[in-house]
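Peer 1: I'd like to go over a predicted model; first the sequence, then the structure.
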Amino acid sequence: MTPVVAVNGVTINLGGRPVVKQVDLTVDVGEFVAVLGTNGSGKSTLVRACIGLVPIDAGSIELFGTPLAKFKSWHRLGYLPQRSNATSGVPATVYEVVMSGRLARRRFFGGRNQADLEAVIEAVERVGLTDRLRDSVTELSGGQQQRVLIARALAAQAELLIMDEPTAGVDHANQESLAELLGGLVREGTSVLLVEHELGPLQPLIDRAVVLRAGEVVYSGSVDGVATHEHAHMHPHTGQPTKPGSLSGEGIWR
Amino acid sequence: MIPDLLDYDFMRRALIAAFLTGLTAPAIGTYLVQRRLALLGDGLGHVALTGVALGLLTGIAPLITAVVVATIGALVIELLRAYGRTSGDVALAMLFYGGIAGGVLLTNLAGDSAATLQAYLFGSITTVSNTDLWIVGILGAIVLALAIGLSPQLFAVCQDEEHARVSGVPVRLYGILLAVLAAVTITVAMRTVGLLLVSALMVVPVATAQQVTRSFRTTFFTAMVIGLFAALSGVVTSYEINTQTGPTIVMVALVAFALTTPLGGVIRSRRHRRLAHQLDSE
């Protein structure tokens, strides 16, 4: 089957300095891949390049078998940017921000339909913010704002989720809820490409970990293997991680 | 009093122009404030002055030359923002100075003194001609139709540009569209509030609405209602007390803001108490 993400020999220079060097990366259908590394390892830049936010200097990137330059099926992916601010110069409600996650599926000049509405309500429910639906995002805590942005990515009902440090600023209990939620989505067939600094509760979900250091892949394999791989900023759990068995896509958010 | 006003043709035209200005300026202004480009309107207003002067020099209707020059200015600033190494605020500063200098220079070359520009800088109710009204009406209708019809896309681009791009929205195109809509709005508002004060009518009603609103949608429409109120009552007041329309409208808008601020404080503290109560009971 065609991989959902195929990165071949990609090099990225930022300000004349190579940030990503000759990197290969694939995400197969239904696979959960984590790109790990310290700050400045190029992990975020690589993933941003996969969705066209950073231009590449060499190599090729394909999404769902289509070269990135020709890729138009944006409704097939949901994106969570790295710890961006959920607020802007004008107040916006949780509903409004999450609804913007439906944009790729909406017709030009068309209003929202029942499917959009249901997807938004479901996504907000999954991150446990249903009672805050009509509240302004500025009134929420940092962790809650992050959950709003996760809901925006979920609302796309995408086949591929690309998440840049989803657990940043989220407390441990809610990280576990996120793990439960993502576990459910993966079992339903969603592919996930994740950038993380520390894995925490997400660790048992990961099919394959790719470790970047100074722009180069230094490890690719099972997440357990990362533990033996020396890494200053990684704190993998030493206990045997158990795969969640009976979880649905519903997260229990506290 | 108001029926008397409507006996005058010029007042009827001024009120129709104010109606369109009051609606369009805050509508585009909401997106600019959301995108943290509140001063873009000001910069484009200055550029439009060069357009007015070009009209005076060539004998073409200043409204038409102003809309053309302001639109070119909008394109230039968006391209500078997108491709240039110049930061947004430096690009705006260039527009401010270039626009004013160009405007006064061309007016002098046309054989007029800078005083001729007064009516364009601060608005004037007696100068709205029938032709002006047609142009303002058509442009205002286009701006409103796009600002409302494309609101999901414009909202997404102004809220989170990168996320919008990954949703397949042609972000650069919408950035240009918004800047061009701002340029057109400025020309629509030129006769009523004037080029130097138009930005106030784009920003102040939005800031006022934000005191009491929580959603983008209600902010958008509340700002339009406030803008409409300020523009119409400003025109009537300026007739009654014999002042220029622009400053009068802006003062009405600022007074509305000042009066709403304490109300906003009360609403916010109530909301906080309610949320704190919810947390306690959980």
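Peer 2: Cool, the structure landed.

Peer 1: can we go C-alpha only for contacts and neighbour counts from here?
Peer 2: Noted.

Peer 1: Give me the buried positions along the lengthiest helix in chain B.
Peer 2: Of all segments of type helix in chain B, defined using DSSP state H, the longest is helix B:245-281. For helix B:245-281, a neighbour-count test (16 or more other C-alpha atoms under 10 Å in any protein chain shown) marks B:245-250, B:252-254, B:256-257, B:260-261, B:264, B:268 as buried.

Peer 1: Looking at the residues you listed, which one is closest to chain A?
Peer 2: Within the set of the buried residues of helix B:245-281, residue B:268 lies nearest chain A; the separation is 9.6 Å, counting by C-alpha to the nearest C-alpha.

Peer 1: Nearest spatial neighbour of residue A:55, chain-adjacent residues omitted?
Peer 2: The shortest distance from residue A:55 to any non-neighbouring residue, by C-alpha to C-alpha, 6 or more residues apart in numbering or on different chains, is to residue A:49 (6.2 Å).

Peer 1: how about that neighbour, secondary structure?
Peer 2: When classified by DSSP: H, G, I helix; E, B strand; the rest coil, residue A:49 comes out as helix.

Peer 1: so how far is chain A from residue B:56?
Peer 2: 38 Å (C-alpha to the nearest C-alpha, to the nearest Å).

Peer 1: What is the burial count for that residue?
Peer 2: Neighbours of residue B:56 under the rule other C-alpha atoms under 10 Å in any protein chain shown: 23.

Peer 1: What residues does chain B have near chain A?
Peer 2: With the criterion set to C-alpha under 8 Å from any C-alpha of the partner chain, chain B comes near chain A through B:30, B:33-36, B:149-150, B:152-153, B:155-156, B:158-160, B:162-169, B:210, B:213-217, B:219.

Peer 1: Beyond the helix or strand bottoming out on mean pLDDT in chain B, next helix or strand please.
Peer 2: Scoring the helices and strands of chain B by mean pLDDT, DSSP states H and E places helix B:2-5 at the bottom, with a mean of 71. Next along the chain after helix B:2-5, taking DSSP states H and E as the criterion, comes helix B:9-34.

Peer 1: Between helix B:245-281 and that next one, find me the angle.
Peer 2: Angle between the axes of helix B:9-34 and helix B:245-281 is 40 degrees (criterion: axes from the mean of the first three to the mean of the last three C-alpha atoms, to 10 degrees).

Peer 1: which of the residues in helix B:9-34 are buried?
Peer 2: Along helix B:9-34, the positions that meet the burial threshold by neighbour count (16+ other C-alpha under 10 Å) are B:10-11, B:13-34.

Peer 1: Mind giving me the packing neighbours of it?
Peer 2: Helices and strands touching helix B:9-34, by 3 or more C-alpha pairs under 8 Å, 6 or more residues apart in numbering or on different chains; DSSP states H and E, are helix B:130-149, helix B:151-159, helix B:171-190, helix B:198-210, helix B:216-240.

Peer 1: residues in contact with the last one?
Peer 2: It stands for helix B:216-240. Contacts with helix B:216-240, where a contact means C-alpha atoms under 8 Å, 6 or more residues apart in numbering or on different chains, come from A:90-93, A:96, B:2, B:14-15, B:18-27, B:30, B:125, B:192, B:201, B:205-206, B:208-210, B:213, B:244-246, B:248-250, B:252-253.

Peer 1: Could you do the third one as well?
Peer 2: By C-alpha under 8 Å, 6+ apart, the surrounding residues in contact with helix B:171-190 are B:17-18, B:20-21, B:24-25, B:28-29, B:31, B:40-41, B:44-45, B:48, B:63, B:66-67, B:70-71, B:74-75, B:78, B:82, B:120-121, B:123, B:136, B:139-140, B:143, B:153-154, B:157, B:161, B:164-165, B:195, B:198-199.

Peer 1: can I assume residue B:56 is in contact with residue B:62?
Peer 2: Yes: Residue B:56 is within contact range of residue B:62, at 6.4 Å (criterion: C-alpha atoms under 8 Å).

Peer 1: what are the phi and psi angles of the closest residue to chain A within the stretch 51-200 of chain B?
Peer 2: Closest residue of the stretch 51-200 of chain B to chain A, C-alpha to the nearest C-alpha: residue B:167 (4.9 Å). The main-chain torsion angles of residue B:167 are listed as degrees, to the nearest 10 and equal phi -90, psi 10.

Peer 1: interface residues of chain A facing chain B?
Peer 2: With C-alpha under 8 Å from any C-alpha as the criterion, chain A comes near chain B at residues A:51-53, A:72-75, A:78-81, A:86-93, A:96, A:100-101, A:103-104, A:108-109, A:134-136.
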